[in-house]
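Trainee: Here is a sequence with its predicted model. Questions after.
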Amino acid sequence: MPQPHWSPTSQIAAPTPPKKSRRGWIAAGILGGIVVVAGATVLVVGWITNEDSDSTNSGLGEIGPNRIEVAIDRCGLAGEPGAEVGDEGQSLTLDTSGEEELGGISYTSLECMISALDIPDAIESRILATRALDGVQDATYDEVSLSWSYHPDSGMTLIVSLT
C-alpha cells in the first residue's frame, strides 16, 4: 500500500485568530459615558441659563425691573394719576384727559409710554386712530397684551398686561 505523502504544511496547524481585546470595548464604553454625561451637563446648564434669561426678559421682574416699570420711570409717570400699575407690576392702566375728565396723563405722556413699551408702529397707529364708535380694541405683541378705547369726554384708556 502506498504511503501517504508527507509534507511540512500538513503537520502545521492553522494559526488561530487573535482574541479581540475587551479592553478596547471597555475604554470605548467609558469614553462614551463621559461624553454623554458632559453633553447632559451642557444641556442642563444651558437650560437653566436660558430660563434665567427668559425670566429677566419676559417682564416677570424677578431679577430687575420689568418693561412696565422701566417705561414708567423713563416717562416720569411713577405715582402720577392716570398711570396705575397693578398685578404686582404685571399690568398698567393709562388714562388720558378728556373734555370732561381732566385727571389723566397727557397725550405726550401716552406717546412716551407707547415708545418706551416698544409698541409696534402698526399697533400705535391703531391706538391713536381709535374713535368712540370703535369700542374696545385689542392687540398683542412680544408677550404683551393691549386693550384700549377712546371717548372724547373721558379720553383714551390703554391697558397693558404682560403675559
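Mentor: Thanks, I have the structure now.
Trainee: which residue ranges form the strands in the protein?
Mentor: Applying DSSP state E to the chain gives strands spanning 83-86, 91-95, 137-141, 144-151, 155-162.
Trainee: possible to save these as a markdown table with mean neighbour count, mean pLDDT and distance to Asn66?
Mentor: Backbone N, C-alpha and C define where each C-beta goes, glycine included. Shown next, in a markdown table, are the strands of the chain (neighbours: other Cβ atoms under 10 Å; pLDDT from 0 to 100; distance: least, Cβ to Cβ, whole Å):
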| stretch | mean neighbour count | mean pLDDT | distance to Asn66 |
| --- | --- | --- | --- |
| strand 83-86 | 16 | 94 | 10 |
| strand 91-95 | 20 | 95 | 10 |
| strand 137-141 | 14 | 96 | 15 |
| strand 144-151 | 18 | 96 | 10 |
| strand 155-162 | 21 | 95 | 6 |
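Trainee: for those, which one sits closest to Leu102?
Mentor: strand 155-162 (8.9 Å; Cβ to Cβ).
Trainee: Any idea which of the strands of the chain gets closest to Ala122?
Mentor: Nearest of the strands of the chain to Ala122, taken as Cβ to Cβ: strand 137-141 at 8.5 Å.
Trainee: packing partners for the closest one?
Mentor: With contacts taken as 3 or more Cβ pairs under 8 Å, 6 or more residues apart in numbering; DSSP states H and E, strand 137-141 sits against helix 121-128, strand 144-151.
Trainee: re earlier: for the strands of the chain, give me TSV that also has distance to Ile30.
Mentor: Listed next are those as TSV, based on distance: least, Cβ to Cβ, whole Å:
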stretch	distance to Ile30
strand 83-86	57
strand 91-95	55
strand 137-141	51
strand 144-151	51
strand 155-162	49
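Trainee: Can you say which of those is nearest to Ile68?
Mentor: Ile68 lies closest, by Cβ to Cβ, to one member of those: strand 91-95, at 4.8 Å.
Trainee: which helices and strands does the closest one pack with?
Mentor: Judged by 3+ Cβ pairs under 8 Å, 6+ apart, the packing partners of strand 91-95 are helix 67-75, strand 83-86, helix 107-116, strand 155-162.
Trainee: For Thr130, which of these is the nearest?
Mentor: Closest of the helices and strands packed on strand 91-95 to Thr130 is strand 155-162, at 7.3 Å (criterion: Cβ to Cβ).
Trainee: which other helices and strands contact that closest one?
Mentor: Packing partners of strand 155-162 (3+ Cβ pairs under 8 Å, 6+ apart): helix 67-75, strand 91-95, helix 107-116, strand 144-151.
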